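Undergrad: here is my input, please return the structure:
(chains A and B)
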Amino acid sequence: EAGVTQFPSHSVIEKGQTVTLRCDPISGHDNLYWYRRVMGKEIKFLLHFVKESKQDESGMPNNRFLAERTGGTYSTLKVQPAELEDSGVYFCASSQEGGLTDTQYFGPGTRLTVL
Amino acid sequence: GENVKQHPSTLSVQEGDSAVIKCTYSDSASNYFPWYKQELGKRPQLIIDIRSNVGEKKDQRIAVTLNKTAKHFSLHITETQPEDSAVYFCAAKGRTASKLTFGTGTRLQVTL
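TA: As a prediction, the model looks like this:
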C-alpha cells in the first residue's frame, strides 16, 4: 500500500510570507496527525484530526498556524505569516480508527526554512 | 502533560557490539511506547513497540524492555551492523490521548 505522502519536500520562504504544506494519509486512515521537529530537538505534536474533525489541537503554537482536512482525506497546514522560529521539519502521520494497533505511519516530512 | 527524556544523544559502537538507548516518561497513565528509526533523509519508521501490560518484547536483533514502576523503557540492539546507523526516537502515548510524545532522539553510529 502507498505510504503517507507530503508535499513539498522542501520549502524556503522569507519571513512574513505564507506557506501551505500538504499531507495525504494512507487510504482508509481516519486519524491524521501533524508533528514538527525543530533543529536537534524532539518531534513535537501539533494536532490530530479524526476524519475532518480536529480532535486535539493543543500543540498548535499560535494562530498563525491553520490546519484543515476538508472531506476527511488529505490535510493542509498553512503558516501565515511565517516567522524565523517556524523553521523545521513538519511531519504528518496517519493511523487507523479502531485498528488493532496504535501504529502511526509517518510521511517523509516537509523541511521548511524561513529566512 | 507527558514528558519523555532520552539518552544518550549520540552513541558510537563498533560493528557487532550491542547498543542500548534509554528513555524515561513522566505520566504513569501512558500505556504505549513505540520506537522509531529515522535514516538520513527518510521518514521515521516504527521498528518495535511495547504496551504497558508487557515487560519485554523482542524482534530478531531488537528488543525493548519496560519498567512501569520506574517509568523507563529501553531499546537494545544486538550484533549491530552499519545499516543500524540512524537517529532513534522513543515515544509514549497516554491512555486517553492519541498523540505521541517523543524523546529528543539518539544518533547511533555503527563503525566498521
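Undergrad: got the residues of chain B near chain A?
TA: With C-beta under 8 Å from any C-beta of the partner chain as the criterion, chain B meets chain A at residues B:4, B:6, B:32, B:34, B:36, B:42-46, B:49, B:89, B:91, B:93, B:97-105. Every C-beta, even on glycine, is put in place using the N, C-alpha and C of the backbone.
Undergrad: just the buried members of those residues?
TA: B:4, B:6, B:32, B:34, B:36, B:43-44, B:49, B:89, B:91, B:93, B:97-105 (16 or more other C-beta atoms under 10 Å in any protein chain shown).
Undergrad: which residues in chain A form helices?
TA: Remark: no helices are assigned in chain A by DSSP state H.
Undergrad: who touches the spatially closest residue to A:Leu115 that is not a sequence neighbour in this structure?
TA: Excluding the flanking residues, the one nearest A:Leu115 by C-beta to C-beta, 6 or more residues apart in numbering or on different chains is A:Glu14, at 5.3 Å. With contact taken as C-beta atoms under 8 Å, 6 or more residues apart in numbering or on different chains, A:Glu14 is in contact with A:Ala82, A:Val114, A:Leu115.
Undergrad: count of neighbours near the last one?
TA: Put plainly, it is A:Leu115. Here the number of neighbours of A:Leu115 (other C-beta atoms under 10 Å in any protein chain shown) works out to 10.
Undergrad: surely it and A:Ile13 touch.
TA: Yes - using C-beta atoms under 8 Å, A:Leu115 is in contact with A:Ile13, at 7.2 Å.
Undergrad: which stretches of chain A form strands?
TA: Using DSSP state E, the strands of chain A run over A:5-7, A:10-13, A:19-24, A:31-37, A:43-50, A:53-56, A:65-68, A:75-79, A:88-95, A:105-106, A:110-114.
Undergrad: now the residue most central in space within chain A: how far from B:Phe73?
TA: The residue lying closest to the centre of chain A (C-alpha atoms, centre = their mean) is A:Trp34, at 3.2 Å. Distance of A:Trp34 to B:Phe73, computed by C-beta to C-beta, to the nearest Å: 25 Å.
Undergrad: and for residue 83, the neighbour number?
TA: Just going to use chain A. A:Glu83: 13 neighbours (other C-beta under 10 Å).
Undergrad: wrong one, chain B
TA: So B:Glu83, with other C-beta under 10 Å, has 8 neighbours.
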